[in-house]
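Undergrad: here's a sequence, model it:
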Amino acid sequence: MKLSKLVAAATLVAAGLTGASSALAQAKEQFFPLLSYRTGAYAPNGVPWANGKQDYLKMINARDGGINGVKLTYEECETGYATDRGVECYERLKSRPGVAFFDPQSTGITFALTEKAPADKVPLITLGYGLSVAQDGMAFKWNFPLMGSYWTGADILIQHLGKKEGGLDKLKGKKIALVYHDSPFGKEPIPLLQERAKMHGFDLQLLPVTAPGVEQKATWLQVRQSRPDYVLLWGWGVMNSTALKESQATGYPRDKMYGVWWAGAEPDVKDVGEGAKGYNALALNTSGQQPKVIQDILKHVHDKGQGTGPKDEVGSVLYTRGVIIQMLGVEAVRRAQERFGKGKVMTGEQVRWGLENLALDEKKLEAMGFTSIMRPLSTSCADHMGSTWARVQTWDGSKWGFSSDWYQADEQIIKPMVKAGAEKYLADKKMTRRDVKDCQS
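TA: Presented below is the predicted three-dimensional model:
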């Protein structure tokens, strides 16, 4: 064989080896699609949430070398909080090799993807948002509303108001107004609140606010006229700070206002400052830079100049929630590897099994650096939520501070509602409940 032919053959072999090496490298990557909104009216809240998600993935790669040797990769896709753009992002990213799961970051996008996920076999993590009925894992195989839903949140708020009044029976005759984002997100808590109103005899007033919520004068004129005993705020983004400013302008006391956990972060109150003093909101997690996991992110990511956003934002309420979401996804992959192959890239179906078999007790949370950040969480085939706890925090004019103990949502009220809602969904979609045998698949 001539020298030129030997060189050519060697080149082909080398190219083949390079291709094989590239394919092997690709096979060792678990892909995390990141739907986000860094632009538009919801950017002040969407940015820290997205930054926390990215930084946790970077930290796991830097500190641990990935998950048992599997590198974590990601790509962001901007949705602007719009459902159609969210679906476009999903369609573009769902076929990437090694897709773990999707976190839609929007209840509207979740509604749209809930019908797509079963066919694509990709799980959806909707921590603290999405469809409340998706807690029923026997009806919603691919949805995971981890740590709470809008029904659990609304239930806890009513429990808290009852406690303030000296008992739930003392709510009889009271007026409670719901100022809500006029979207699937804002409408989700209404059935639970209506059920509680029937049980306890309070008058529920529904006050929708057109998205994005920068114009609320008419809404707060209604509040001033009806003078409800309490206002529940189901807002997001600019709607929250606008509501607080309008309540101040109309003289409605902020200490009578209670927001959902998406209306209880720094961007909601910092521009209002003292004007928001006394305002209350639910909290799913703590904030601050003291927890070990946050310190690890600072050490392995930000101190190396690789942080996604500003360093002083690390540990804020929504940043920490983004960290929690990615931790649960990472642990689902790790759990799946225990069954399907340690050190292997997991499919969406396998990650779904991992999400359905999470068991994070206090000891496990401590080992991961999440002590005090969140409550323990344990999922199952029937329960895709894993935890139904939250507490109340209050803004003192400069910072958030917890003002209640942990509350657990009343499952005696919620479970029948979840089952009935799930059955209706299945009937409307001409679907059936999962067989128990499917729980092991």
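
Undergrad: Met431 in helix, strand or coil?
TA: coil (DSSP: H, G, I helix; E, B strand; the rest coil).

Undergrad: once you drop chain neighbours, what's closest to the most centrally placed residue in the chain?
TA: Averaging the C-alpha coordinates of the chain gives a centre point, and the residue nearest to it by C-alpha atoms, centre = their mean is Leu127 (2.9 Å). Excluding the flanking residues, the one nearest Leu127 by C-beta to C-beta, 6 or more residues apart in numbering is Leu146, at 4.7 Å. In this view, the C-beta of every residue, glycine as well, is placed from N, C-alpha and C.

Undergrad: model confidence for that neighbour, exactly?
TA: Per-residue confidence at Leu146 stands at 98 (pLDDT).

Undergrad: report how many residues lie close to it.
TA: One way to gauge burial is a neighbour count; for Leu146, by other C-beta atoms under 10 Å, it gives 26.

Undergrad: now swap in Leu284 and tell me
TA: 25.

Undergrad: go ahead and confirm it touches Gly148.
TA: Yes: with contact defined as C-beta atoms under 8 Å, Leu284 and Gly148 form a contacting pair (6.2 Å).

Undergrad: need the residues touching each of these two.
TA: Leu127, Gly128, Trp261, Ala390 (C-beta atoms under 8 Å, 6 or more residues apart in numbering).

Undergrad: inside strands: which ones of the residues you listed?
TA: Among the shared contacts of Leu284 and Gly148, DSSP state E puts Ala390 in strands.

Undergrad: for Asp303, state which of the shared contacts of Leu284 and Gly148 is nearest.
TA: Nearest to Asp303 among the shared contacts of Leu284 and Gly148, counting by C-beta to C-beta, is Leu127 at 27.6 Å.

Undergrad: residue contacts, that closest one?
TA: Contact analysis of Leu127 by C-beta under 8 Å, 6+ apart lists Asp103, Pro145, Leu146, Met147, Gly148, Leu284, Arg321, Ile324, Ile325, Leu328.

Undergrad: out of these, who's the most crowded?
TA: Ranked by neighbour count (other C-beta under 10 Å), the contacts of Leu127 have Asp103 at the top, with 29 neighbours.

Undergrad: surely that residue and Ser36 touch.
TA: No: in terms of C-beta under 8 Å, Asp103 does not count as a neighbour of Ser36; the distance is 9.3 Å.

Undergrad: can you tell me what sits against the helix or strand containing Ala177?
TA: In this structure, Ala177 is located in strand 175-181 according to DSSP states H and E. Counting contacts by C-beta under 8 Å, 6+ apart, the residues outside strand 175-181 that touch it are 158, 161, 186-187, 189-190, 193, 197, 202-209, 211, 213, 216, 219, 223, 226-236, 239, 243.

Undergrad: take those and keep only those in helices.
TA: Judged by DSSP state H, the contacts of strand 175-181 include Ile158, Leu161, Gly186, Lys187, Ile190, Leu193, Ala197, Thr219, Val223, Ser226, Met239, Ala243 as members of helices.

Undergrad: just the buried subset of those, please.
TA: With neighbours counted by 16 or more other C-beta atoms under 10 Å, the ones in helices among the contacts of strand 175-181 contain buried members at Ile158, Leu161, Gly186, Lys187, Ile190, Leu193, Ala197, Thr219, Val223, Met239, Ala243.

Undergrad: not counting residues beside it along the chain, what's closest to the second one?
TA: In this structure, Leu161 finds its nearest non-sequential neighbour in Tyr230, 5.8 Å apart by C-beta to C-beta, 6+ apart.

Undergrad: for that neighbour, what are its contacts?
TA: By C-beta under 8 Å, 6+ apart, the residues touching Tyr230 are Leu161, Lys174, Lys175, Ile176, Ala177, Lys256, Met257, Tyr258.

Undergrad: max pairwise distance over these: which two?
TA: With distance counted by C-beta to C-beta, no two of the contacts of Tyr230 lie farther apart than Lys174 and Met257, which are 14.7 Å apart.

Undergrad: of the two, which one has the most company?
TA: Neighbours of Lys174 and Met257, each counted by other C-beta under 10 Å, are more numerous for Met257; the result is 23 against 18.

Undergrad: that older thread, which one of the shared contacts of Leu284 and Gly148 is nearest Lys364?
TA: Where these are concerned, and distances follow C-beta to C-beta, Lys364 has its nearest neighbour in Leu127, at 17.5 Å.

Undergrad: how far away is the closest one from Ile324?
TA: Leu127 is 7 Å from Ile324, where distance means C-beta to C-beta, to the nearest Å.

Undergrad: show me whatever sits in contact with both of the two.
TA: With contacts taken as C-beta under 8 Å, 6+ apart, Leu127 and Ile324 have Met147, Leu284 as neighbours in common.

Undergrad: so which elements touch whichever strand or helix holds Glu195?
TA: Using DSSP H and E, Glu195 sits in helix 190-200. The elements that helix 190-200 packs onto, with contact taken as 3 or more C-beta pairs under 8 Å, 6 or more residues apart in numbering; DSSP states H and E, are helix 150-165, strand 175-181, strand 203-209, helix 411-428.

Undergrad: go with 7 Å
TA: In terms of contacts (3 or more C-beta pairs under 7 Å, 6 or more residues apart in numbering; DSSP states H and E), helix 190-200 is packed against helix 150-165, strand 203-209, helix 411-428.

Undergrad: out of the ones you listed, which gets nearest to Tyr279?
TA: For those, the distance to Tyr279 is smallest for helix 150-165, at 13.4 Å, taking C-beta to C-beta.

Undergrad: give me the angle between the closest one and strand 175-181.
TA: Between helix 150-165 and strand 175-181, the angle comes out at 150 degrees (axes from the mean of the first three to the mean of the last three C-alpha atoms, to 10 degrees).

Undergrad: buried residues, helix 150-165. List them.
TA: Residues 150-162, 165 are the ones in helix 150-165 that count as buried (16+ other C-beta under 10 Å).
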